[in-house]
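Visitor: One predicted model, sequence on top.
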Amino acid sequence: MIGSGYVGLVSGACFSDFGHEVVCVDKDQRKIDLLKAGTMPIYEPGLSELVASNVKARRLAFTDDLPAAVADADAVFIAVGTPSRRGDGHADLSYVFAAAEEIGRALVKPTVIVTKSTVPVGTGDEVERILARVAPDIDAKVVSNPEFLREGAAINDFKRPDRVVVGTDDEAARQVMREIYRPLSLNQASPILFTSRRTAELIKYAANAFLAVKITFINEIADLCETIGAEVQQVAKGIGMDNRIGAKFLHAGPGYGGSCFPKDTVALLKTAGDADTPLRIVEATVQVNENRKRAMGRKVIKAMGGSARDKVVAILGLTFKPNTDDMREAPSLAIIQALQDAGAAIRAYDPEGMEQAKPLLEHVEFTENAYQAAEGADAVVLVTEWDEFRALDLNRLARIQRAPLLVDLRNVYPPEEAARAGLKLVSIGRADFILNHVPAISTLRVDYEKLSEEITTRLFERLGNSNGRKRPLRRLFPYVLEVRGSSAPPR
């Protein structure tokens, strides 16, 4: 396994757990030393234990000596990085091609060379040309075998995949790949889809682009929901129950990030452009997603009354999704930048991502827990839905914040629950809570003291209040009455 990053390490550990003998290779000596010492360079649930058990069983090893590792291999997987190239967004294939050349010089027998890295269509052809040039006397078969791992669930995805895609027209290479993946048949009837090499390369990009489009679609529907008074979670459930659509990736939020969707959509657009076949839907998706991240910062500013100057904002969750320490293209980066540009001071907490975030964020105070971040804050913003953020003590938040404002960008908390704690809740794709629960008040022009009393009474009738005590409406819903006169209706 050439490359011991996210894909290479997870794949190597899982292959060794199948019973194969695996050697993970990396040029980074520090990374190899960490792995040999049992320290994982990335965070992925269950990976440390999986690596330890297979190292102990002598099925998994780590080295920086590529020739020695390749010499005895029946298959060599290329799992090096393919970051976006500066300037045009195309995947940078220099690491792939360099690995192919080193592999070719180390080959001593017929071997299957497998590209596991996410690469543009036609990359396998170039790898084949490189091998033919540097190892003309060796029968090396080049295969495409894209990965479909979700960060935070990668081990389960590898061992219980929806499908395994293998791109090759060579029957001998197909047989080697069948043997490598044969243990999957013991878990379930995982379908192996054999295609041409170019088709396999495109499947990976097409899959990620489609999921990115689906996420962006529901995010735009969420914006419409906020405008017309609908509820995006119910809309998502209603359309997701249609088997032709499916419920996955229909969770509205601050936009997609991570190591795959942003990079792969841009690379697909470059491939399509080079082929003079523009993909307009994907183009729009990329643009809308980029705009959305910073728009979430503006949403927070609007919730604070239109100004963030000299205010403190607590950010809960920095990584692009839970159960990873990956900060690549995380929405939190754009949100924090927008808030800082508007004059806000930022406190932040993330269960796993703070060490990765620190080099990327300036003038941010990192805290030890969510409540420390929220202490004296003018707003708490839930950006990443880590499990420990799903059961926050909202009453405690309301007490310790300077202003009781919770901006929930993942729709974790029901409006009623926040209201009972005395928090103003701003979320994604939801109509204003007060308009849903106290009909028609937005058109009233009445005495505001009487209106406040009436709304408070009706709210307590709906929400329940065993001891009969009432709190001023401004404490329950600070955003309802910001009255500066008697002519304008409440919002």
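Guide: Looks like it came in fine.

Visitor: just for the stretch 251-400 of the chain, where's the confidence low?
Guide: Across the stretch 251-400 of the chain, nothing is flagged by pLDDT under 70.

Visitor: so where do the strands sit in it?
Guide: 312-316, 345-349, 364-366, 379-382 (DSSP state E, counting those that start in this stretch).

Visitor: What is the burial count for the closest residue to residue 271 other than its chain neighbours?
Guide: Computed as C-beta to C-beta, 6 or more residues apart in numbering, the closest residue to residue 271 that is not its neighbour in sequence is residue 120, at 4.9 Å. C-betas here are computed from N, CA, C, even on glycine. For residue 120, the neighbour count with other C-beta atoms under 10 Å is 21.

Visitor: which SS state does residue 120 fall under?
Guide: coil (DSSP: H, G, I helix; E, B strand; the rest coil).

Visitor: how about it, phi and psi?
Guide: phi -70, psi 160 (degrees, to the nearest 10).

Visitor: any idea how far residue 427 is from it?
Guide: 38 Å (C-beta to C-beta, to the nearest Å).

Visitor: Same question for residue 395.
Guide: 19 Å.

Visitor: cool, and residue 167?
Guide: According to C-beta to C-beta, residue 167 and residue 427 sit 43 Å apart.

Visitor: next one: residue 85
Guide: Counting by C-beta to C-beta, the gap from residue 85 to residue 427 is 38 Å.

Visitor: which one of the two has more residues nearby?
Guide: For the pair residue 85 and residue 427, the greater number of neighbours falls to residue 427 (24 against 15), based on other C-beta under 10 Å.

Visitor: List the residues that contact the more buried one.
Guide: 407, 408, 409, 411, 413, 415 (C-beta atoms under 8 Å, 6 or more residues apart in numbering).

Visitor: Next: residue 55.
Guide: 38, 61.

Visitor: so it, which of the three states?
Guide: helix.

Visitor: Settle this for me: residue 21 is touching residue 69, isn't it.
Guide: No: the criterion here is C-beta atoms under 8 Å, and residue 21 misses it with residue 69 at 10.7 Å.

Visitor: Common neighbours of these two, please.
Guide: In contact with both residue 21 and residue 69: no residue, using C-beta under 8 Å, 6+ apart.

Visitor: And these two? Which one has more around it.
Guide: Legend: neighbour count by other C-beta under 10 Å for residue 21 and residue 69, higher for residue 69 (21 against 14).

Visitor: quick one: which helix or strand includes that one?
Guide: Element membership of residue 69 [criterion: DSSP states H and E] is helix 66-71.

Visitor: and the helix or strand that that helix is followed by, what's its mean pLDDT?
Guide: Scanning forward in sequence from helix 66-71 by DSSP H and E, the next helix or strand is strand 75-78. For strand 75-78, mean pLDDT is 98.

Visitor: Remind me what strand 75-78 packs against, helices and strands.
Guide: helix 6-17, helix 94-106, strand 111-115, helix 171-181 (3 or more C-beta pairs under 8 Å, 6 or more residues apart in numbering; DSSP states H and E).

Visitor: and that strand, how far from the chain's centre?
Guide: In terms of C-alpha atoms, centre = their mean, to the nearest Å, the centre of strand 75-78 is found 27 Å from the chain centre.

Visitor: Please state the offset of the helix holding residue 69 from the chain centre?
Guide: With C-alpha atoms, centre = their mean, you get 35 Å for helix 66-71.

Visitor: Please work out which residues outside that helix touch it.
Guide: By C-beta under 8 Å, 6+ apart, the surrounding residues in contact with helix 66-71 are 2, 23, 25, 63, 76, 102, 103, 105, 106, 107, 108, 111.

Visitor: Out of those residues, grab the one that's most surrounded.
Guide: Neighbour-wise, the contacts of helix 66-71 (other C-beta under 10 Å) top out at residue 2, 30 neighbours.

Visitor: mind checking which of the helices and strands packed on strand 75-78 is nearest residue 145?
Guide: strand 111-115 (4.9 Å; C-beta to C-beta).

Visitor: Export that closest one to PDB, keeping only CA atoms.
Guide: What follows is strand 111-115, C-alpha atoms only, in PDB (Å, rounded to 0.1, in the frame of the first residue of the first chain):
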ATOM      1  CA  THR A 111       2.200  -7.600 -10.600                       C
ATOM      2  CA  VAL A 112      -1.200  -5.900 -10.500                       C
ATOM      3  CA  ILE A 113      -0.900  -2.200  -9.900                       C
ATOM      4  CA  VAL A 114      -4.100  -0.700  -8.500                       C
ATOM      5  CA  THR A 115      -4.900   3.000  -8.300                       C
END
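
Visitor: Show me what the next helix or strand after that strand is packed up against.
Guide: Later in the chain than strand 111-115, the nearest helix or strand by DSSP H and E is helix 123-134. Helix 123-134 sits against helix 94-106, strand 111-115, strand 140-144, helix 197-228, with contacts defined as 3+ C-beta pairs under 8 Å, 6+ apart.

Visitor: quick one, which of the ones you listed is packed in tightest?
Guide: Neighbour counts (mean count of other C-beta atoms under 10 Å) averaged over each of these peak at strand 111-115, with a mean of 26.

Visitor: what's in contact with that strand?
Guide: Residues from elsewhere that reach strand 111-115 (C-beta under 8 Å, 6+ apart): 70, 73-78, 96, 100, 103, 123-124, 127, 131, 138, 140-145, 173, 176-177, 201.

Visitor: what about that strand, distance to the chain center?
Guide: 29 Å.

Visitor: now stretch 126-134
Guide: 35 Å.
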